[in-house]
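In: Sequence and predicted structure below; questions after.
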Amino acid sequence: MLRAKKIDRKKWLVLSAACVLLFAGIIIFATSLPEKIMAAWSDRPEAEPPAKPEVPEPAEEPQPDPGEAEPGDETLPGEEETPGPGDEKQPKPEPKEQVPTIYAGQKLIIPQATGVTRGNSQIVREGITEVAEKQIALTFDAGWLYEQTEDLLAVLSEYDVKCTFFARARWVEAHPHLVEEIVRHGHLIENHSLTHGHLINMSEEEIVTEMRESTRIIAQATGRKPYLFRPPYGEYNETLLNVLTNEGYPYTVLWTVDSHDWAEEIGGKEVTTQYLIDRVLENASHKGIILLHIGGYHTVEALPAIITGLREKGYTLITVNEMLPPPSAGSLTITVEAGDTLYSLAKRYGVSIEQIISANNL
């Protein structure tokens, strides 16, 4: 037993010494390793850091055509795009100059208004302009009938006569091709109301509506603003004349001779072609205005004899417009109606918005 213990002690001493030597060698090796690595690195021709791994670049996306929206990028009507982070803000446009506001009942001066006079619209039954030669005007009302229009224009063209047509605005609206032909032949189209109603039984507001809408339709169809008005049935009162003045109609045109071409008989007497010829020629007078109708029963048939008969009597046939002084161009004071705007007033009276603003210091 004693010997065995001695052997175990020797083994333990040997093992301990080996462990000490191993531990010392590890320490020495660990201490000298960095110097060897740095020395080996410095022996390379160029010292470069380890290269970073290459990352493949993303494939280039196709660019959309100019003006073509990309899917999902559409902006709905009324929506605005929200700028993303870093987007530059576009400068806001400067606000437009505000147009002054006007109100119903306000008094406004309309400077240099065309087609207006200071008094009420003047009733005209014959020409006003003084001339030496005998003159007379044929006028044609257009209410509903239209079938004879082209035949009537053909006769007037054959005899080289220019006339004034008083047309219901709804007729003008319904037959634009006939309006174009009337104007193309050199005739003038003036106002015969909107609906051909009894205006003397209408309120002032209703008359204003009639005049404004009819004026708009005729001006748009012919390219010129009408300024002569022939009241349906020849009826008028002070209210109508006052509205006509404010709406730019200095003349309310009636007639010297009613041809009766609108009737089949008068007082039990049949209205024939010869009746029309005789009535016009027997009642003709200097500066006279003859009332005829596009839809008259025998108007087209009687017209050649009427024209030649008047010329044989020494008359020169002209338009009503030529028998009246041109519309004045003075200032006019009006009362603003409900619905009026500076734009509508400027258009109605043939002036600019700036002129109205300046004249009234708005």
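Out: Thanks, I have the structure now.
In: all contacts plus neighbour counts: C-alpha atoms, from now on.
Out: OK.
In: Now do the SS call for R279.
Out: helix (DSSP: H, G, I helix; E, B strand; the rest coil).
In: What separation do you get for it and T273?
Out: 10 Å (CA to CA, to the nearest Å).
In: what do you get for V257?
Out: 16 Å.
In: For those two, indicate the residue with more neighbours.
Out: V257 (21 against 17; other CA atoms under 10 Å).
In: I'd say that one and K287 touch.
Out: No - using CA atoms under 8 Å, V257 is not in contact with K287; the gap is 11.2 Å.
In: name the element R212 belongs to?
Out: Using DSSP states H and E, R212 maps to helix 204-222.
In: And that helix, what's buried?
Out: By 16 or more other CA atoms under 10 Å, the buried positions in helix 204-222 come out as 207-208, 210-212, 214-219, 221-222.
In: which strands and helices sit next to that helix?
Out: Secondary structure elements in contact with helix 204-222, counted by 3 or more CA pairs under 8 Å, 6 or more residues apart in numbering; DSSP states H and E, are helix 169-174, helix 176-184, strand 188-191, helix 238-246.
In: Off-centre distance for the third one?
Out: Average the C-alpha atoms of strand 188-191, do the same for its chain, and the two points are 23 Å apart (CA atoms, centre = their mean, to the nearest Å).
In: Give the helix, strand or coil label for C19.
Out: With three-state DSSP as the basis, C19 sits in helix.
In: before we move on, the earlier item: okay if I get the buried residues of helix 204-222 as CSV plus pLDDT?
Out: Formatted as CSV, the buried residues of helix 204-222 follow (pLDDT from 0 to 100):
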residue, pLDDT
I207, 97
V208, 96
E210, 96
M211, 97
R212, 96
S214, 97
T215, 96
R216, 96
I217, 97
I218, 97
A219, 96
A221, 97
T222, 96
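In: And for the residue lying closest to E337 once chain neighbours are set aside, the neighbour number?
Out: Nearest residue to E337, sequence neighbours excluded (CA to CA, 6 or more residues apart in numbering): A104, at 4.9 Å. Number of residues near A104 (other CA under 10 Å) recorded here: 12.
In: Can you tell me the element the residue lying closest to I277 once chain neighbours are set aside falls in?
Out: Once flanking residues are discounted, I277 sits nearest to I306: 5.5 Å by CA to CA, 6+ apart. Element membership for I306, per DSSP H and E: helix 299-312.
In: Check the model's average confidence along that helix for me.
Out: Helix 299-312 shows a mean pLDDT of 98.
In: how far out from the middle of the chain is that helix?
Out: That offset, for helix 299-312, works out to 43 Å (CA atoms, centre = their mean).
In: Flag every buried residue along it.
Out: T299, V300, E301, A302, L303, A305, I306, I307, G309, L310.
In: re the thing from before, kindly compare burial across the helices and strands packed on helix 204-222 and name the winner.
Out: Highest mean neighbour count among the helices and strands packed on helix 204-222 (mean count of other CA atoms under 10 Å): strand 188-191, with a mean of 26.
In: Which other helices and strands does that strand contact?
Out: strand 164-167, helix 176-184, helix 204-222, strand 228-229.
In: ok now stretch 231-245, how far from the chain's centre?
Out: The answer for stretch 231-245 is 30 Å, by CA atoms, centre = their mean.
In: just stretch 168-175 next, same as before
Out: Distance, centroid of stretch 168-175 to centroid of chain: 20 Å (CA atoms, centre = their mean).
In: i'd like the first residue to be 262 from this point on
Out: Renumbered: residue one is now 262, and that last one reads stretch 429-436.
In: Quick one: residues in contact with that stretch.
Out: Contacts to stretch 429-436, defined as CA atoms under 8 Å, 6 or more residues apart in numbering, come from residues 403-405, 440, 452-457, 475-476, 478-479, 482.
In: Mind doing that once more with 7 Å?
Out: 403-405, 440, 452-457, 475, 478-479 (CA atoms under 7 Å, 6 or more residues apart in numbering).
In: now, among the residues you listed, which is nearest to Y512?
Out: N452 (10.9 Å; CA to CA).
In: Quick check: what element follows the helix-or-strand element of the chain with minimal mean pLDDT along the chain?
Out: The least trusted helix or strand in the chain, going by mean pLDDT, DSSP states H and E, turns out to be helix 263-303, with a mean of 60. Using DSSP H and E, the helix or strand that follows helix 263-303 in sequence is strand 368-371.
In: taking the mean pLDDT, what do you get for that following strand?
Out: 81.
In: Given that strand, what are its sheet partners and their directions?
Out: As defined by DSSP bridges, the strand partners of strand 368-371 come to strand 593-596 (antiparallel).
In: same for whichever helix or strand comes after the partner strand, what does it pack against?
Out: Toward the C-terminal end, the helix or strand that comes next after strand 593-596 (DSSP H and E) is helix 603-610. The helices and strands touching helix 603-610, judged by 3 or more CA pairs under 7 Å, 6 or more residues apart in numbering; DSSP states H and E, are helix 614-621.
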